[in-house]
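**Student:** take this sequence and fold it.
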Amino acid sequence: MNSTEHLTQTERDELLKNLNEKQKMFVQNYLKRGRKTVFANLLAKEKAGSVEENQIEDVASQWELLDYIDAGPDWQTRSELHCECGRPLRYQYIVHNKGTGEIRKFGIKHFEEHTGIPPQLVKDIVKGIEKIDFEMDEILLKNAQGWTLVHAGIETIPAAIDIPKDIQQHFDAGVPLLDRQVQRLRERIADYLREEKRKQLEAQKAEQEQAAQKKRELVSQRRHAVAEKMGAAISHEIPLDQHLQLGVLVYLDLLRTSQFSANDVCEDLIKNHGASQETYSSGRLLIFPKVCMYLEFLVSRGKLELVEKQGVEDRIYRIINLAMDDIEAGEEEQHSQQRLFDL
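**Tutor:** Coordinates of the predicted model:
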């Protein structure tokens, strides 16, 4: 709905006919509540801001709006509502003077005349009441157009969201939401989804950390077993630290597939065995050449097979046989392997 689109009284009366009884009751109560709120808030504001105008403050604080009555479309022929001046009314405002107990009934144009409320404050009250009428126009037009939340781009509302009371009242009465309520609902949904995403990410992070911790514990346990079982595969001549060589063997022992990459081995050494994350200016890990050298050592012993060289970026290997009983690495042979290794 265009926020500047306002209905004539005749148009309002026609659209009101489209409402069921529950919706009509809601609109009537909405208008009454809105007018009472406007009246009370503006008088309270005037009272708070009238420090030097005691007379105005006294007048403004004396009155309260008791009721607002609509005589209906045929008010000109059947209305029983009248202003203090005797004029028949469509809309009658009933106000109460808290000081004297006096009750007055009049139309919107006679606020100042019958209450003594200052002219500017009366204008503000009328303006506030008009705003309530314009919001009713929005409700009536949306209802006539078959408006739903889908038209506002809201497909579903998460069940866990705490829906504000005024919005829930619209839902309960089957009445379209106002644009300002739609915006508030969108913001609440967005806040909820952001919070849920944050919780999800935190849960994933915690789950990943838990999995990583279990992996570290498993790796720690396997290091001892692998050291006893595959100790012969540790070379004293290859420039990869021996505890990292053992880490490579643990990685291979725990691997669930036969094929792997040299980069995968490097990442595992960093995560689980304390290897350095330092890199060359190219971005390649410093440990990569040494890891490849050790893997080639295992290839020369028939434990691995080189499947593919991917330039200087990576190498793919396949496990052939990790049994270590036949490994006898002579010092001279290891020196030769080291010289032949070329990245």
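
**Student:** the closest residue in space to G128 that isn't next to it in sequence: how many residues sit nearby?
**Tutor:** Spatial nearest neighbour of G128, chain neighbours left out: V38 (3.5 Å); criterion: CB to CB, 6 or more residues apart in numbering. Heads up, the C-betas are built off the backbone N, CA and C, glycines and all. When neighbours are defined as other CB atoms under 10 Å, V38 has 20 of them.

**Student:** L140 contacts E14, doesn't it?
**Tutor:** No: shown here, L140 and E14 do not form a contact pair, counting by CB atoms under 8 Å, at 9.0 Å.

**Student:** same drill for these two, tell me which one is more crowded.
**Tutor:** L140 (24 against 14).

**Student:** doesn't the more buried one belong to a helix?
**Tutor:** Yes: according to DSSP: H, G, I helix; E, B strand; the rest coil, L140 belongs to a helix.

**Student:** residue numbering should commence at 15 henceforth.
**Tutor:** Sure, I'll start counting at 15 from here, so that last one is L154.

**Student:** ok, it - contacts?
**Tutor:** Listed by CB atoms under 8 Å, 6 or more residues apart in numbering, the contact partners of L154 are 21, 26, 29-30, 32-33, 41.

**Student:** where in the protein is pLDDT low?
**Tutor:** The model of the chain has pLDDT under 70 over residues 15-19, 57-75, 77, 93, 125-126, 128-132, 245, 337-357.

**Student:** what about 50?
**Tutor:** 15, 17, 62-71, 73, 339-357 (pLDDT under 50).

**Student:** tell me the domain ranges of it?
**Tutor:** 23-160, 162-230, 248-354 (automatic domain parsing).

**Student:** R236: which of these is closest?
**Tutor:** Taking CB to CB, domain 248-354 is the member of those nearest to R236, at 4.9 Å.

**Student:** gap between that closest one and the chain center?
**Tutor:** 46 Å (CA atoms, centre = their mean, to the nearest Å).

**Student:** distance of T271 relative to I333?
**Tutor:** With distances taken as CB to CB, to the nearest Å, T271 is found 9 Å from I333.

**Student:** so which of those two has more stuff around it?
**Tutor:** A direct count of neighbours by other CB under 10 Å for T271 and I333 places I333 higher, at 16 against 7.

**Student:** how about the strands in the chain?
**Tutor:** 77-84, 105-111, 117-120, 273-275, 318-324, 328-333 (DSSP state E).

**Student:** can you say which of the ones you listed is nearest to P178?
**Tutor:** That would be, of the strands of the chain and by CB to CB, strand 77-84, which comes in at 23.9 Å.

**Student:** quick one: that closest one to strand 105-111, angle?
**Tutor:** With axes from the mean of the first three to the mean of the last three CA atoms, to 10 degrees applied, the angle from strand 77-84 to strand 105-111 works out at 160 degrees.

**Student:** thanks a lot, see you next time.
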